[in-house]
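# sharing a model that was predicted from the sequence below.
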Amino acid sequence: MTPKSALFQKLPSTDEVLRRPEIQALAERDGLAAVTDAIRNVLARLRGEIAGERLDERSLEREQKREQELELALAGLTAAVERELRQSLGYSLRAVINATGVILHTNLGRAPLAVSALEHIRDTASAYSNLEYDLAAGERGRRDVHVDRLFQKLFAEHGSGATGEARPSAAASYSTIVVNNNAAAVMLALNSLAEGGEVIVSRGELVEIGGSFRIPDVMSKSQATLREVGTTNRTRIADYERAINDRTRLLLRVHRSNFSITGFTEQPALDEFVALARSRNLPLMEDLGSGALFDLHTIGVANEPSVFDSLRAGVDVVTYSGDKLLGGPQAGLITGRADLVARMSSNSLFRALRVDKLTYAALEATVLAYVKHDYDAVPALRMMQMSKDEIAGRAEALVLQVNSAAEKSPKLKLELIDGESVIGGGAAPTAVLATRLIALAHGDLNADELCARLRHSDPPVIARVEESRVLIDLRTVFPEQDASVAETLTSLN
Ligand SMILES: *Cc1c(COP(=O)(O)O)cnc(C)c1O
C-alpha cells in the first residue's frame, strides 16, 4: 500500500526541477520567472491529481496503478513544463474554425473582417495617421469625418438624405457618429436626448440582449425615465399618444432582435409612429440592433428593415451595431438628424465611449465596400449569399476526401443532410438560410466527446449539436479552411 503522503513525497521540489539541464536551457530562452511559474503549475496539477483520489477508490490495485501513473508523469515532467510554458507564453485569443453555421456568432467574435479592413488597419495603425487632423486645413480635425462621408454617399444612393421624400420639410441632413458598441450608442442617444425626461417604449419591446443589455437598465443608467405603454403582445399608437405629457422627450422603438411574438399581436406601423412624433414635435428613435446596409430580401429574409428603410420612413435617429449585419468591427453607430446627433457628439459621454483608430480603419474599409457595391468583400455578406448548392458541393468533396483517407472500417461515419444556417447577431430571429450539413457519428465517442475532440484540434473546430448529432455547416467555414476541417475529421478515424 502506498499512502497518499508517500506519493506526495515522490514529487520533486520546484528548485530540483529548475536544476535539470533541459529546464535550465528553457530558462535561458524564456526567462527564469516564466519557467518557474510553469513548473509550479505542473507540480500543482500533479498534487491536485494525487489529492483528488477519493478514499473509496483506494483499493490496492488502484493504488499501484496510481503509483505507476505518477512515475509516468514524473518521467514526462520536463516535457510537461515545456508544454505549459508554450501555452502560457502563447496567445490566449486565437483563430477558430466556425462550423456552427451561425454567421454572426457572438461567442466567436461576430463578423470576420474584410481583407481590405485588415490592410487598412495595418497601413494606418502601424504608422501615424490623420485620425484627427484635417490635412487640407492643416489643423485639428474630427475623427468621425472618415466614416460620416461614406454614409453620406450611401444615403444619397438610397434616397434617405436631406431630400428624402419622407421629410420634405427637413432642413437638416443626416450625420453618423461611432461609439464602442450599440449598447453604448443607445445609452449615449438616450442620455443626450432624454436626460431627466421620459421616453415612451412599448412593453413588448423591453428586451434583453445577451450580456446583460436590458432596455430598462440602460434607460435608468442614461438618467431617462422609462414610460411603458401597451402590453407584451399588443401596443397601439393611441397608447403612445395617451402617454405623451410635458416631460416626454423621445419615442423609442426597439427591434425584437432575439425573439418573435406571434399570435394575437399588434404593433403600430412605422408611418403611424412618424406621424405621431411629427405632430407632437418629438424625436423618434429606433434601436435597430443589427442594422443592415443592404436589402435582405435579396437573400430571402423578410421583415428585417435596413437602416435606410427606417430613415426613409422618417425615423429621426437609428442605432445599430458595426459587427452584426454590417459585417465590420465591433462598434455602435448612430445615424440621424444632424441637429440631434450634434447633441450627442457634444455630450461628454461621447468622449468616454469613442473608439480608436483601429475601429475607424476597419469601419471605413467595410463601409467603402458598400459604397463600391463590392458586397463579396465583406465575409459575413458573402456567407449569407452563398447558395445551398455551393455549400453542398464543398460538403460532398470534403466527405469524399475524409472517406478515401480512411481505413477499411472507419470509426467516423459522415452523412450529408439538409438543414438551416442562422444569421444570428440579432438579425430577425427567424431568419434562416437553407444549407447542406455534414452529420457526424463516431463508433467510440458520443456527441459531446466528439465536439470536445474537434474543439481541441489545432485550429479548433467549433461544431453544433442538434438532437445529439454533431453537425458541420460549411457556410461559416472559409473555403480555404475546408482542407483543415478534412484533416481534423480524418484524424478522428
Ligand atoms: C445587439 C443589440 C444591441 C447591443 O448591441 P452591441 O453592439 O452588442 O452592444 C442592442 N439592441 C439591439 C436591439 C440589439 O439587437
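Cool, got the structure.

# looking at this structure, which helix or strand is least sure?
strand 208-209 (a mean of 76; mean pLDDT, DSSP states H and E).

# quick one: strands adjacent to that strand?
strand 213-214 (antiparallel) (DSSP bridges).

# just checking, next helix/strand downstream of the strand it pairs with?
helix 215-221 (DSSP states H and E).

# residues contacting that next one, please?
Contact partners of helix 215-221, identified using C-beta atoms under 8 Å, 6 or more residues apart in numbering, comprise 183, 186-187, 190, 199, 201, 205-208, 225-226, 254, 287. Quick note: C-beta positions are derived from backbone N, CA and C, even for glycine.

# what residues does residue 451 make contact with?
463, 465, 470.

# need those residues in JSON lines (columns: secondary structure and neighbour count).
Compiled in JSON lines, those are given as follows (DSSP: H, G, I helix; E, B strand; the rest coil; neighbours: other C-beta atoms under 10 Å):
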{"residue": "463", "secondary structure": "coil", "neighbour count": "25"}
{"residue": "465", "secondary structure": "strand", "neighbour count": "14"}
{"residue": "470", "secondary structure": "strand", "neighbour count": "24"}
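
# ok, what's across the strand from whatever residue of the stretch 251-400 of the chain ends up closest to the ligand?
Per C-beta to the nearest ligand atom, residue 289 is where the stretch 251-400 of the chain lies closest to the ligand, at 2.3 Å. Beta-bridge partners for residue 289, by DSSP bridges, are residue 320.

# which strands and helices sit next to the helix ranked longest in the chain?
In terms of residue count, the longest helix belonging to the chain (DSSP state H) is helix 32-52. For helix 32-52, the elements it packs on are helix 4-10, helix 14-18, helix 21-30, helix 60-75, helix 77-89, judged by 3 or more C-beta pairs under 8 Å, 6 or more residues apart in numbering; DSSP states H and E.

# buried residues in the shortest one?
By neighbour count, and taking 16 or more other C-beta atoms under 10 Å as the criterion, the buried residues in helix 14-18 are 17, 18.

# with adjacent residues omitted, what lies nearest to residue 223?
residue 195 (4.6 Å; C-beta to C-beta, 6 or more residues apart in numbering).

# my guess is the one you found contacts residue 250. True?
No: applying C-beta atoms under 8 Å, one finds residue 195 not in contact with residue 250, separated by 10.4 Å.

# neighbour count winner among those two?
More crowded of residue 195 and residue 250, by other C-beta atoms under 10 Å: residue 250, with 24 against 14.

# residues in the stretch 301-450 of the chain within reach of the ligand, list them.
Selection of the stretch 301-450 of the chain residues close to the ligand by C-beta under 6 Å from any ligand atom yields 321, 332, 426.

# hang on, the earlier thing: highest average neighbour count across the helices and strands packed on helix 32-52?
Across the helices and strands packed on helix 32-52, the average number of neighbours (mean count of other C-beta atoms under 10 Å) peaks for helix 77-89, which reaches a mean of 17.
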